[in-house]
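In: Quick one: sequence plus predicted model below, questions after.
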Amino acid sequence: MKHTGKLFIYLILLSMLFSCKPSYYAYRSAYKQEFPAVNNAQPDYSNLIYWAAHPWKKDPSDSIPQPLLSENRDSAVDVFFLHPTTLTDKKLHGVVWNADIHDADLNAKTDYTSILYQASVFNGSCRVFAPRYRQAHLYSFFTEDTQRGKEALRTAYDDVKTAFEYYLKHYNAGRPIIIAGHSQGTLHAQLLLKDYFDGKELAKQLVCAYIPGLIISKKEFVSLQPCSDSSATGCFVGWRTYRKNYTPDFIEKEKGTSWVVNPISWTLDSSYYNRFLNTGAVLYNFKKMIPHTNGAQIHNGMIWVERPRFPGSFLYRSKNYHPGDINLFYLNIRKNIQNRINAYMKKQQ
């Protein structure tokens with residue numbers, strides 16, 4: 001009976017594992033008081049409620065894991081972060097194509113999953129801007145009604161583009177920029193990079209783009225290139241994380257046409273970098289860091305890792321670590337952000 005109880009606890013923790021699934025339900029009532037009941041209205045980015053993260057308000061992106069509380073922090077650079085898909089309810093498949101920007105439950109879910117566990121990785125070195133947008137439902141990526149799916153994603157990107165232009169006009173003032181996202185957020189980040197940075201004047205302000213969780217086609221950009229080392233600037237990094245010896249069918253069909261940068265070595269080479277070089281993951285307990293969970297190796301357009309090591313990990317059967325693309329390499333990413341900013345500032349001097 002005692003063993004069964006421990007097993008149940010482990011299963012609960014594992015269900016919360018990657019980029020979590022902390023309990024955001026406690027925040028829903030407060031969010032319902034904040035957001036007006038106006039269905040599908042366009043966001044007004046002059047109003048801070050339409051920013052999931054913003055320097056002028058307290059939000060989950062300000063959170064810092066306990067072991068990092070004493071670190072030196074700076075905010076000379078801005079990050080424009082685009083959260084992944086949190087509109088995933090299967091009952092809404094083919095019924096709701098885009099999120100209601102005033103959906104209090106969904107906004108609480110977004111803020112206490114992606115904004116807390118992912119956007120926070122930048123707060124040691126950056127002011128964090130993360131717009132709410134009418135994200136496309138997860139179904140938009142898989143529907144046979146491809147036209148409706150594309151329309152939903154276009155609506156989402158229209159909001160992202162509007163938010164970015166508002167940011168440029170009202171907040172940027174020539175400051176260096178990091179573009180970042182995950183999954184659906186990475187899709188929109190790639191479009192932003194093409195529209196505003198790739199071969200454009202604004203490229204001079206780009207420190208780096210952190211865009212994991214989606215294919216980055218080797219034909220995606222004209223001028224922008226993947227970062228070749230840990231201090232390169234004006235470039236992008238991205239990866240997709242899976243269990244060693246597992247390749248999903250859709251990646252197999254890509255035939256290695258995606259750029260991949262290893263988030264441990266920050267290089268393009270296919271060597272294996274062991275877990276002792278992975279300095280800290282942030283998983284189901286945001287306050288704690290777990291060192292040396294896994295190594296990483298580039299393989300066929302993705303990152304292969306061994307089964308991550310953390311309490312109860314022997315129960316974790318999934319081979320798809322997409323939700324943990326950032327969490328599994330949290331401290332390595334955090335340190336790399338500072339390293340690239342230092343290199344960028346040195347070049348400017």
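Out: Sure thing, it's come through. Numbering: from 1, shown residues only.

In: Buried residues, stretch 51-60. List them.
Out: 51-55, 59-60 (16 or more other Cβ atoms under 10 Å). To be clear about C-beta, it is placed using only N, CA and C from the backbone, and glycine gets the same treatment.

In: Can you show me the helices along the stretch 151-300 of the chain?
Out: Taking DSSP state H, counting those that start in this stretch, the helices of the stretch 151-300 of the chain run over residues 184-192, 249-254.

In: on that earlier part again, can you tell me which of the buried residues of stretch 51-60 lies closest to E165?
Out: Set against E165, the nearest of the buried residues of stretch 51-60 by Cβ to Cβ is W51 (14.2 Å).

In: Next up, the contacts around the closest residue in space to the closest one that isn't next to it in sequence.
Out: Spatial nearest neighbour of W51, excluding adjacent residues (Cβ to Cβ, 6 or more residues apart in numbering): P131 at 5.7 Å. P131 makes contact with 43, 45, 50-52, 82, 159-160, 163-164, 167 under the criterion Cβ atoms under 8 Å, 6 or more residues apart in numbering.

In: Just send the residues you listed back as JSON lines, with distance to T257 and pLDDT too.
Out: As requested, these are exported to JSON lines (distance: Cβ to Cβ, whole Å; pLDDT from 0 to 100):
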{"residue": "P43", "distance to T257": "34", "pLDDT": "95"}
{"residue": "Y45", "distance to T257": "35", "pLDDT": "97"}
{"residue": "Y50", "distance to T257": "36", "pLDDT": "96"}
{"residue": "W51", "distance to T257": "35", "pLDDT": "98"}
{"residue": "A52", "distance to T257": "32", "pLDDT": "98"}
{"residue": "L82", "distance to T257": "23", "pLDDT": "98"}
{"residue": "D159", "distance to T257": "29", "pLDDT": "98"}
{"residue": "V160", "distance to T257": "25", "pLDDT": "98"}
{"residue": "A163", "distance to T257": "30", "pLDDT": "98"}
{"residue": "F164", "distance to T257": "27", "pLDDT": "98"}
{"residue": "Y167", "distance to T257": "32", "pLDDT": "98"}
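
In: which of those residues has the most neighbours?
Out: Across the contacts of P131, neighbour numbers were computed from other Cβ atoms under 10 Å; L82 holds the maximum, 32 neighbours.

In: List the residues that contact it.
Out: 130-131, 133, 160, 180-182, 184-186, 188-189, 192.

In: repeat for L202
Out: So L202 contacts 177, 196 (Cβ under 8 Å, 6+ apart).

In: any idea how far Y196 is from it?
Out: Per Cβ to Cβ, to the nearest Å, L202 is found 5 Å from Y196.

In: same thing with S271?
Out: Counting by Cβ to Cβ - S271 and Y196 are separated by 34 Å.

In: And the pLDDT at the nearest residue to Y24 once chain neighbours are set aside?
Out: With sequence-adjacent residues excluded and distances taken as Cβ to Cβ, 6+ apart, Y24 is closest to Y112, at 3.6 Å. Reading off the confidence values, Y112 has pLDDT 94.

In: I'd guess Y112 is in a strand, am I close?
Out: No - per DSSP: H, G, I helix; E, B strand; the rest coil, Y112 lies outside any strand segment and is helix.
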